[in-house]
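Enquirer: the following comprises the amino acid sequence and a computationally predicted model.
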2 protein chains.
Amino acid sequence: MFSKSCEYAIKAMIFVAQKSKENLRVGIKEIAKGTDAPEHFMAKIMQDLSRRKLLHSAKGPNGGFYMDNTDLKNSIADIVKAVDGGSFYKDCVLGLKVCSEKNPCPVHFEYKAIKKNLISMIENNTLADFNEKLETGKFFLKNK
Amino acid sequence: MFSKSCEYAIKAMIFVAQKSKENLRVGIKEIAKGTDAPEHFMAKIMQDLSRRKLLHSAKGPNGGFYMDNTDLKNSIADIVKAVDGGSFYKDCVLGLKVCSEKNPCPVHFEYKAIKKNLISMIENNTLADFNEKLETGKFFLKNK
DNA sequence: ATAATAAAAGAGTTTTTTATCTTTTATTTT
DNA sequence: AAAATAAAAGATAAAAAACTCTTTTATTAT
Ligand code: SF4
Ligand code: SF4
């Protein structure tokens, strides 16, 4: 579904989002630990997300990654697009080269409906939404 | 979603299924051409599917891969299981290590419904169904 | 029997993805 | 200004996935 990088990215973004709510900045080490991901690999991913303006970063003491209210409005879809490019949207089950509404494969209409749900799932869930849900105590995010 | 091998496998199985309806056996070369896949790679995949009893094969002149009526009852899910193992069923969006109904991530219930649809899609479509659909002329399978 | 055919098997290569290590640069506190 | 901190960048390395090539074995038609 998503690449490993993308999975790490999503988890890290949620992690940073939670800390940002408390006005905290988090360093790579903390992010890596909190998401159970390899530190240096995570560093790459975070740098990339930062370059693509999905969050902010500050060097030096008390530096680290953080989000402002605009950043918190990013959806899972925004992260996916930044990390995996358009593949999630473009790619299809059977990986056919030639197909369309008028040239549909046998599962096209069935799959189309499912995909629509998948897309709205990642587009309608923002980091702020995640924060809210996690705060209710009814949802969790555990990595080990 | 599926590995490349699995995509090839699905296409190849549909291809062989269609030929088998006409009581024809098909060699690897023909399968590779018909599915626009690399020949030797496809050979590996077909051998594997054959070993796992998803279709039959015969060596020698007039040999090739073919399916009997039992083979045609295999679903896409059977192919996916044979090639990708249980990963399609096991793996989940966020790739969390610890989660459950009582420990759900923020998209759990949304995703659960989608996944259910995905699973019934691959389980309820057999190769025979595909043959029928393709015969109506309303559906297509094009690779280039 | 022999030659032709085609799958089966095994070894090897390339490419992509994932992960690690090292150095550099920017910032801030003292 | 100096020391400390932490991100940024670059260069490798390891692992997995995708793909290729070569040899072997089984079958069948002649
Ligand atoms: S489901 Fe639709 S878009 Fe996807 S491969 Fe089939 S025809 Fe193409
Ligand atoms: S909580 Fe549910 S949706 Fe989330 S990762 Fe686990 S199984 Fe998947």
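Expert: Arrived safely. Numbers count the residues shown, from 1 in each chain, chains lettered A, B, ... in the order given. Ligands and ions are numbered 1, 2, ... in the order given.

Enquirer: can you pull out the strands in chain A?
Expert: A:56-58, A:64-66 (DSSP state E).

Enquirer: and stretch A:31-50, how far out from the chain middle?
Expert: Centroid separation for stretch A:31-50 versus its chain: 13 Å, with Cα atoms, centre = their mean, to the nearest Å.

Enquirer: out of the strands of chain A, which one sits most buried?
Expert: Comparing the strands of chain A on average neighbours per residue, with mean count of other Cβ atoms under 10 Å in any protein chain shown, the densest one is strand A:64-66 at a mean of 21. (C-beta placed from N, C-alpha, C; glycine too.)

Enquirer: before we move on, the earlier item: looking at the strands of chain A, spot the one closest to ligand 2.
Expert: Nearest to ligand 2 among the strands of chain A is strand A:64-66; the distance by Cβ to the nearest ligand atom comes to 23.3 Å.

Enquirer: can you list contacts of the closest one?
Expert: Residues outside strand A:64-66 that contact it (Cβ atoms under 8 Å, 6 or more residues apart in numbering or on different chains) are A:16, A:19-20, A:24-28, A:30-31, A:46, A:50, A:55-58.

Enquirer: for PyMOL, what selects the buried ones among these?
Expert: Buried subset of the contacts of strand A:64-66, written as a PyMOL selection, criterion 16 or more other Cβ atoms under 10 Å in any protein chain shown:
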select buried, chain A and resi 16+19+20+25+26+27+28+30+31+46+55+56+57
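
Enquirer: and stretch A:98-111, is it in reach of chain B?
Expert: Yes: Stretch A:98-111 lies within reach of chain B by Cβ under 8 Å from any Cβ of the partner chain, at A:98, A:99, A:103, A:104, A:105, A:106, A:107, A:108, A:110, A:111.

Enquirer: just to revisit the earlier point, columns distance to residue A:129 and mean pLDDT on top of the strands of chain A, output as JSON lines?
Expert: Listed next are the strands of chain A as JSON lines, based on distance: least, Cβ to Cβ, whole Å; pLDDT from 0 to 100:
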{"stretch": "strand A:56-58", "distance to residue A:129": "20", "mean pLDDT": "95"}
{"stretch": "strand A:64-66", "distance to residue A:129": "19", "mean pLDDT": "95"}
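
Enquirer: in TSV: these, plus distance to residue A:87.
Expert: Compiled in TSV, the strands of chain A are given as follows (distance: least, Cβ to Cβ, whole Å):
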stretch	distance to residue A:87
strand A:56-58	26
strand A:64-66	25
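
Enquirer: returning to what we had before: are any of the residues of stretch A:98-111 next to chain B buried, and which?
Expert: So, by 16+ other Cβ under 10 Å, the buried ones in the residues of stretch A:98-111 next to chain B are A:99, A:104, A:105, A:106, A:107, A:108, A:110, A:111.

Enquirer: show me the two of the residues of stretch A:98-111 next to chain B that sit farthest apart.
Expert: Across the residues of stretch A:98-111 next to chain B, the longest distance by Cβ to Cβ is 19.2 Å; it joins A:98 and A:110.

Enquirer: nearest residue to the residue of chain A found nearest ligand 2 other than its sequence neighbours?
Expert: Going by Cβ to the nearest ligand atom, ligand 2 is nearest to residue A:140 of chain A, at 7.9 Å. Leaving out its chain neighbours, the residue that sits closest to residue A:140 by Cβ to Cβ, 6 or more residues apart in numbering or on different chains is residue B:103, at 5.0 Å.

Enquirer: next one: residue A:126
Expert: Distances taken as Cβ to Cβ, 6+ apart place residue A:75 nearest to residue A:126, at 4.9 Å, with adjacent residues excluded.

Enquirer: ranges for the helices of chain A?
Expert: A:4-21, A:28-35, A:39-51, A:76-84, A:87-90, A:108-124, A:127-135 (DSSP state H).

Enquirer: how about low-confidence regions in chain A?
Expert: A:143-144 (pLDDT under 70).

Enquirer: how near is the residue lying farthest from the centre of chain A to DNA strand C?
Expert: Most distant residue from the mean C-alpha position of chain A: residue A:102, 33.4 Å away (Cα atoms, centre = their mean). Between residue A:102 and DNA strand C the computed distance is 30 Å (Cβ to the nearest atom of the strand, to the nearest Å).
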